[in-house]
Structure formats: structure tokens, C-alpha cells
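In: Structure, please.
(one chain, ligands or ions: 1)
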Amino acid sequence: MEKNIAVIKGDGIGPEIVTEAMKVLDKVAVKFGHKFNYEQLLMGGCSIDANGVPLTDETIERCKASDAVLMGSIGGNTTTSPWYKLPADKRPEAGLLGLRKALGLFANLRPCVLYKQLSEACPLKKEIADKGFDMLIMRELTGGLYFGERKTEPVNGVMTAIDTLKYDENEIRRIAKKAFDVAMQRRKKVTSVDKANVLDSSRLWRKVVDEVSKEYPEVTLEHMLVDNSAMQLVKDPAQFDVMVTENMFGDILSDEASMITGSIGMLASASMNETSFGLYEPSGGSAPDIAGQNKANPIATILSAAMMLRYSFKMDKEADAVENAVNRTLEDGYRTGDIMSEGMTLVSCSEMGDKIAERI
Ligand code: NAD
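Out: Numbers count the residues shown, from 1 in each chain. Purely as a prediction, here's the structure:
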């Protein structure tokens, strides 16, 4: 198969970690007989330096013309970088928000996996960590409380703030479908998280998710209240496969789930629209403190590339090969600085990429 990948290396450690992901993709192409064409584009701080703006129409158009976007990270040191003297809508992060919006990316997918080789970094009790976990949190990205009407004004002489949590059935249906589609490529279980005992938006959420579930008889659906979900994530994370939820609940639960994996350098993510198109990027930032030193952990970006293979290109075997190669590299004791522990072998960012590519 031939695929066109838009590549945004970005700022800070972005170019280092994306180069390693491309190294691994190139090995996948050779091994499985595919052709990946890359087009490098600017976005974020590097685009401000080159074009005066964090995101150009050209970058948007080229991304739209591609089959998927692979991204590093953008931004710099928020206290010392001149990019942060600019007005908010001209800063690097405005480029990312603008790109997500232009591409209609409404579903954020964040896998949270506890690698048994790294289970010491997990802050949970040993008996819970020993069971391991492998879940994916799907968060609705473009609706709900963060995008509803809001105002602050005096009501009967008392200053009052109002935020609005609004979802329509179409917004719920498209994210529910995405969650069931992803579950079909995983362990076929969906946990839909809401607050249906209190909120109308959650009651509609639950009704629409139930309707969509009828189209996916192979997938087991359960509903869970958000407060219980927050507890279950630390009590028994192994019970979850795909967890789908609205924007604010997802914002909080995905950070909670990330924390229990213990390492930011391992966290992949994807943002998708209704089609198989997606933008794939590590969850971490541009890590200006270690940029340019060949020290960053490229695994989150390599695992994001594996998600691209699985969800945008429907290349399950190839995605498995990348994930297995990451596992074997960890098993063989190779670690970048952020996940280093006693008795392991410290490697640089590029050496980690080499070790993983060798194991494809
Ligand atoms: P950060 O995630 O960049 O760094 C936090 C800590 O984690 C640092 O100590 C860093 O060295 C470490 N770290 C992060 N990724 C790592 C990796 N792959 N390997 C090893 N260590 C890693 O967060 P921050 O310092 O708060 O933000 C730095 C910049 O990144 C800011 O400009 C911020 O706005 C931007 N940012 C961008 C994105 C994105 O591109 N999607 C996301 C978050 C933050």
C-alpha cells in the first residue's frame, strides 16, 4: 500500500522524536512491502520563525491532502522564549488548536498501557500494578462545557458565572461510533462514562450510546458514572478496554489514567475525524529542557505512529509489529533517561529508535 503522511516535526524535541518514528515506519515499509511518502510541514514556533504565524493555510491544505498527520510537539520555554511575548492567538499552541479545528478532529484517543517492564514507575499498589492494564480513553474534543455559552454577570446584585454543557445527538453518535469502531480493533468492550443520575446531557449521551451499540453486537457495552470511573481507574484499571466520554470528564480522566502509567515519554495519542483520517502525536510537550541533546524518549511518538498504522491505514499486523518491537526493546533492558532504572542500559533517543527498528 502507498500512503502519504504529512509530517510536522515541530519544536524542541519534536524533530528528534519524529525522526525516530520515521525510522521505524521506514522499517515497517520495507518489511511489509508498503511505500510511505512524507511531506514535511511547519507548525508552531518554527512556523512563527519562518512565516510570522504558527499555522499557514498551506500547512492546513497539505495536511488535508494527506492520508494522516504525524506530529512531534510544538512550543518552547514559556517564560524565556520570544514566542510567548506574542498575543495568545499568534503563539505556537494557537497553531495546534487551529489545525485540530481545521481538520475537524473531534475524537481524542489516548491509550494508557502499563508495560510490565516499567511497572515500578506506576504509583498504584504493587498488586494492582502487577496485573498490568491496557486501555484507551476516547474523549470528545469539540463540544460540551468547554465550548458552550458562558457569561459572568450580576444576578440580583450577586456576581454570577454561568457555563453551559450542551451536546446534540449527532455529536454523541459520531463519537460513540468511533469508540465502537476502535473497540472492534481491540478487546471489544466499551465503557461509556457519564453523570446520567444528574445531567440531562448525560441522559441523552446514554440513550444515543445505547442506540449505537445495537450496530455492534460483538461489543460489550457498560455505562459507568464519572465519579465511580475515577475510583475504578485507580482500584482496578485492568477492567477497562475503551472508555468513551464527553469533553470535560475525558480531560480529567485521561490525565488520571496517564499518571498511573508513570511515564510521559511512553504516552501516545491520536485525534480523529469521522473518516479514518487522524493526527498522531505524543501526549507530552516539546521538553525544551532536553531539546537538541539526543536524550528524549521517542517511544510515545513511535507508538503514535503505530496508532496511525492501525486506525488510519487499517494495518493491524504492522501496528502489532511496532508495539511488539517496543515491548522487546524494553524487555532487552534498553532505557532512555526518563525511564532509566538500576541494571538497565541507558541509550540515546536515536539509539532507542535503532533498537526498536531492528526488532521490527
Ligand atoms: P513537557 O511535556 O514538554 O515537559 C514536561 C517534563 O517531561 C520535562 O521535564 C520534559 O523533559 C519531560 N518530557 C516530556 N516529553 C519527554 C520525552 N519524550 N522524553 C523524555 N522526557 C520528556 O511540558 P512543559 O515543559 O510543560 O511544556 C513545554 C512546552 O511544550 C510548552 O511550550 C508547552 O506549551 C508545550 N506543549 C506542547 C504540547 C503539544 O505539542 N501537543 C503538549 C503539551 C505541552
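In: going forward, measure contacts and count neighbours with C-alpha atoms only.
Out: Noted.
In: Quick check: next helix or strand after the one helix or strand in the chain whose mean pLDDT sits lowest?
Out: Using mean pLDDT, DSSP states H and E, helix 126-129 stands out as the lowest-scoring helix or strand of the chain, at a mean of 91. Scanning forward in sequence from helix 126-129 by DSSP states H and E, the next helix or strand is strand 134-140.
In: Residues in contact with that next one: which ones?
Out: Strand 134-140 is contacted by residues 106-114, 175, 179, 237-238, 240-247, 249-251, 254 when judged by Cα atoms under 8 Å, 6 or more residues apart in numbering.
In: Give the buried residues for the helix or strand following that strand.
Out: Remark: after strand 134-140, the chain's next helix or strand is strand 150-155, criterion DSSP H and E. Buried residues in strand 150-155, counted by 16 or more other Cα atoms under 10 Å: none are found.
In: CA atoms only for strand 150-155, dumped as PDB, please.
Out: What follows is strand 150-155, C-alpha atoms only, in PDB (Å, rounded to 0.1, in the frame of the first residue of the first chain):
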ATOM      1  CA  ARG A 150     -20.700  31.300  29.100                       C
ATOM      2  CA  LYS A 151     -21.100  34.500  30.900                       C
ATOM      3  CA  THR A 152     -20.300  36.300  34.200                       C
ATOM      4  CA  GLU A 153     -22.800  38.900  35.300                       C
ATOM      5  CA  PRO A 154     -24.600  40.200  38.400                       C
ATOM      6  CA  VAL A 155     -27.900  38.400  39.100                       C
END
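In: Show me what it packs onto, helices and strands only.
Out: strand 158-163 (3 or more Cα pairs under 8 Å, 6 or more residues apart in numbering; DSSP states H and E).
In: Sheet partners, orientation included, of the strand it packs on?
Out: When pairs are called by DSSP bridges, strand 158-163 turns out to pair with strand 150-155 (antiparallel).
In: How far away from the center of its chain is the strand it pairs with?
Out: Mean-position distance between strand 150-155 and its chain equals 35 Å (Cα atoms, centre = their mean, to the nearest Å).
In: try stretch 49-62
Out: Computed by Cα atoms, centre = their mean, the chain-centroid distance of stretch 49-62 equals 23 Å.
In: In CSV, list the C-alpha atoms belonging to it.
Out: Extracted C-alpha coordinates of stretch 49-62, given in CSV (Å, rounded to 0.1, in the frame of the first residue of the first chain):
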residue,chain,number,x,y,z
ASP,A,49,10.1,32.0,12.8
ALA,A,50,9.7,31.2,9.1
ASN,A,51,6.3,32.7,8.3
GLY,A,52,5.4,35.0,11.2
VAL,A,53,2.4,32.9,12.1
PRO,A,54,2.1,29.5,13.9
LEU,A,55,-0.1,27.9,11.2
THR,A,56,-0.4,28.7,7.5
ASP,A,57,-3.2,27.9,5.0
GLU,A,58,-0.6,25.9,3.1
THR,A,59,0.1,23.6,6.1
ILE,A,60,-3.7,23.1,6.6
GLU,A,61,-4.2,22.3,2.9
ARG,A,62,-1.3,19.9,2.7
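In: Buried ones in that stretch, by neighbour count?
Out: Buried residues in stretch 49-62 (16+ other Cα under 10 Å): Val53, Pro54, Leu55, Thr56, Thr59, Ile60, Arg62.
In: do stretch 3-20 as well
Out: Of the residues in stretch 3-20, those buried (16+ other Cα under 10 Å) are 4-20.
In: Stretch 318-326 too?
Out: For stretch 318-326, by 16+ other Cα under 10 Å, it's Glu318, Ala319, Asp320, Ala321, Val322, Glu323, Ala325, Val326.
In: In strands only, show me those.
Out: Among the buried residues of stretch 318-326, no residue falls in strands (DSSP state E).
In: want to throw those into TSV with distance to the ligand and pLDDT?
Out: Converted to TSV, these look like this (distance: Cα to the nearest ligand atom, whole Å; pLDDT from 0 to 100):
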residue	distance to the ligand	pLDDT
Glu318	23	98
Ala319	20	97
Asp320	21	97
Ala321	21	98
Val322	17	98
Glu323	17	97
Ala325	18	98
Val326	14	97
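In: leaving aside the residues next to it on the chain, what's closest to Ser202?
Out: Ala196 (4.6 Å; Cα to Cα, 6 or more residues apart in numbering).
In: so that neighbour, which of the three states?
Out: coil (DSSP: H, G, I helix; E, B strand; the rest coil).
In: which phi and psi does it have?
Out: Torsion angles at Ala196 (phi, psi; degrees, to the nearest 10) stand at phi -70, psi -10.
In: hang on, it packs against His223?
Out: No: the criterion here is Cα atoms under 8 Å, and Ala196 misses it with His223 at 9.3 Å.
In: shared neighbours of the two, anything?
Out: Common neighbours of Ala196 and His223 (Cα under 8 Å, 6+ apart) are Arg206.
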